[in-house]
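> sequence and predicted structure are below.
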Amino acid sequence: MVLASCKKLPEGIPSNSIGISPGGNTDSNSGTTDGTGGTLPPVETLPKNAPNYLPAFAGQTRVIGLKTAKAFQSTILTSELRAPWGIVSLPDGRFLITEKAAGRMRIVSPTGTVSAAIMGIPPVNSGNQGGLLGLCIDPQFATNRMVYWVFSENVTGGTTTSVAKGRLANNETSLENVSIIYRASPSSNSSGHYGGRIIFDATGNLLVSIGERLNGNTRQMAQSVTASLGKVIRITTQGEPSPGNPKFTGNGALPELYSMGHRNPQGLALHPISGDVWLGEFGPRGGDEINRIQAAHNYGWPTITYGLEYSGQPVGAGIQQQVGLEQPVYYWDPVVSPSGMTFYTGDLIPEWKNNLFVACLSGMHLVRLVIENNKVIGEERLLANQNQRFRDITVGRDGALYAITDQGRLYKIGLNN
């Protein structure tokens, strides 16, 4: 295990070679001040890609900065994973982790011991953004041992975002009785924007985030009720549309749709108090979003966005607001590339309670967002000195945070020893 400092280190000094100092991360004594009564500036200091795009309301972007008052440390438990993409806590304190490119699952102990690959997973298409993606376990996993996951699958017409399930064998070497319960439609020859997160909602149904597959032919399908691309869907554990799903207006509207107008959503989390569904999604050049998902609502992509095309040109008409389309609760410009996310439900660091933590790829840090009344009131960046593309994050049974990175690391973020 390697201790990693919570402080920014000078360039050129290996960040995994220095433990946290005895004082820890104690730069402030309040979540929103600098310890002297003054507020901290926003954590983002780089210029915007679209400086003429103005937020719809105060606090929608670049809110005041935060510093965690309580001393904490991060520990690298292992660097032996291969492109991990999803992580979930098991009832006994271990972790089940997907490996994107290899199409494998592994179990990792709280001390960093990595199991052999779990067999029985259907083949994945690991090209570009594809592979074995998000996963979750059944709320009754302790008795039924059921696992659900998302992957990119080769199908007629290209590839698609698919959902599968299987039972983790008692000896933990394979998944049994595996079946594919859902395939997004239509398929595409694109190798990007699969989305890929999956969680259980409070009613025991599955929520799955599906991307719009990137290319111009499919992008507009985020606004089509006859396609599941660019949507959050809600299905039963058998893959059928869930009872009580919203009914979208339009001929041929798919009954599994829950929300629409998403670009590439890779983050899903339930608020521990309200039970609301929160979602993170990638924008193009700017315009990464955090949304609070409401049934049957349209979140706007590609009609409205706070981002630009990668060429620097406007997306479509270049508008950020339109009646009937939802505004993001929060957005970033420039991007941080928000992937997996979780609300903190542990007790180790009380000031983090119910805060949203987001794993960021291009940003190479973990975001902490404090949310009150469904609005973001403060932002902090953690582990920015590690130079890692953070892919997913979860709360362990011990109350610590655990995060995986594209480079193969598993971090534990908790109290100083």
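Nice, I can see it.

> buried set for stretch 129-148?
Buried residues in stretch 129-148, defined by neighbour count with 16 or more other C-beta atoms under 10 Å: 129-138, 141, 145-148. Where you see a C-beta, it was placed from the backbone N, CA and C, and this is true even at glycine.

> what of stretch 404-417?
By 16+ other C-beta under 10 Å, the buried positions in stretch 404-417 come out as 404-414, 416.

> mind checking which of these are in strands?
In strands, defined here by DSSP state E, the members of the buried residues of stretch 404-417 are 404-405, 410-414.

> now those residues in CSV, with distance to Tyr53 and pLDDT?
Converted to CSV, those look like this (distance: C-beta to C-beta, whole Å; pLDDT from 0 to 100):
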residue, distance to Tyr53, pLDDT
Ile404, 33, 98
Thr405, 31, 98
Leu410, 37, 98
Tyr411, 34, 98
Lys412, 38, 98
Ile413, 33, 98
Gly414, 38, 95
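
> strands along the stretch 151-300 of the chain, start to end?
Secondary structure of the stretch 151-300 of the chain (DSSP state E, counting those that start in this stretch): strands at 158-168, 175-183, 198-200, 206-210, 231-235, 257-260, 264-270, 277-282, 288-293.

> what's in contact with the last one?
Taking contacts as C-beta atoms under 8 Å, 6 or more residues apart in numbering, the residues outside strand 288-293 that touch it are 232, 258-259, 267, 276-283, 299, 306-307, 326, 328-333, 335-338, 356, 358, 369, 374, 376.

> Ile233 contacts Leu257, correct?
Yes: checked against C-beta atoms under 8 Å, the pair Ile233 and Leu257 is within contact range at 6.0 Å.

> what pLDDT is listed against the closest residue to Ile293 other than its chain neighbours?
Nearest non-adjacent residue to Ile293, counting by C-beta to C-beta, 6 or more residues apart in numbering: Val277, 4.1 Å away. You'll see Val277 listed with a pLDDT of 98.

> can I get the buried part of the contacts of strand 288-293 as one PyMOL selection?
In PyMOL syntax, the buried subset of those is picked out as below (16+ other C-beta under 10 Å):
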select buried, resi 232+258+259+267+277+278+279+280+281+282+283+299+306+307+326+328+329+330+331+332+333+335+336+337+338+356+358+369+376
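
> just to revisit the earlier point, okay, Ile233 and Leu257: which has more neighbours?
Ile233 (27 against 23; other C-beta atoms under 10 Å).

> contact partners for the more buried one?
Ile233 sits next to 182, 184, 207-208, 210, 254, 256-258 when contact means C-beta under 8 Å, 6+ apart.

> how does it look with 7 Å?
Counting by C-beta atoms under 7 Å, 6 or more residues apart in numbering, Ile233 makes contact with 208, 210, 256-258.

> all helices of the stretch 101-250 of the chain, in order?
For the stretch 101-250 of the chain, the helices defined by DSSP state H, counting those that start in this stretch cover 141-144, 216-219.

> and the last one, what's buried?
Spelled out, that is helix 216-219. For helix 216-219, the neighbour count (16+ other C-beta under 10 Å) marks 218-219 as buried.

> show me what that helix is packed up against.
Of the remaining helices and strands, none touches helix 216-219 by 3 or more C-beta pairs under 7 Å, 6 or more residues apart in numbering; DSSP states H and E.

> could I get the average pLDDT for that helix?
Helix 216-219 comes out with an average pLDDT of 90.

> show me what that helix is in contact with.
Contacts of helix 216-219 (C-beta under 7 Å, 6+ apart): 188, 190, 212, 229, 302.

> try 10 Å this time
Applying C-beta atoms under 10 Å, 6 or more residues apart in numbering, the contact partners of helix 216-219 are 158, 186-190, 192-193, 211-213, 224, 227, 229-230, 263, 301-302, 315-316.

> with the first one instead?
In this structure, residues lying in contact with helix 141-144 by C-beta under 10 Å, 6+ apart are 88, 90-92, 96, 137-138, 147, 167-168, 237.

> among these, which pair sits farthest apart?
Among the contacts of helix 141-144, the pair separated by the greatest distance (C-beta to C-beta) is Asp92 and Thr237, at 22.3 Å.

> tell me which of the two has more neighbours.
It is Thr237, of Asp92 and Thr237, that has more neighbours when counted by other C-beta under 10 Å, with 16 against 10.

> phi, psi of the residue nearest the centre of the chain?
When the chain is reduced to its mean C-alpha position, the closest residue under C-alpha atoms, centre = their mean turns out to be Gly340, at 1.9 Å. Dihedral angles of Gly340 (phi, psi; degrees, to the nearest 10) stand at phi -60, psi 160.

> per-residue pLDDT, it?
According to the model, Gly340 scores 98 on pLDDT.

> then Val163?
Confidence at Val163, expressed as pLDDT, is 99.

> out of the ones in strands among the buried residues of stretch 404-417, which two sit at the greatest distance?
Thr405 and Gly414 (17.1 Å).

> what is the burial count for the residue nearest to Asn205 when sequence neighbours are not counted?
Leaving aside its sequence neighbours, Asn205 sits nearest to Ser242 (C-beta to C-beta, 6+ apart; 4.1 Å). Number of residues near Ser242 (other C-beta under 10 Å) recorded here: 19.

> then the one 5 residues further on?
Applying the criterion other C-beta under 10 Å, we find 11 residues in the vicinity of Lys247.
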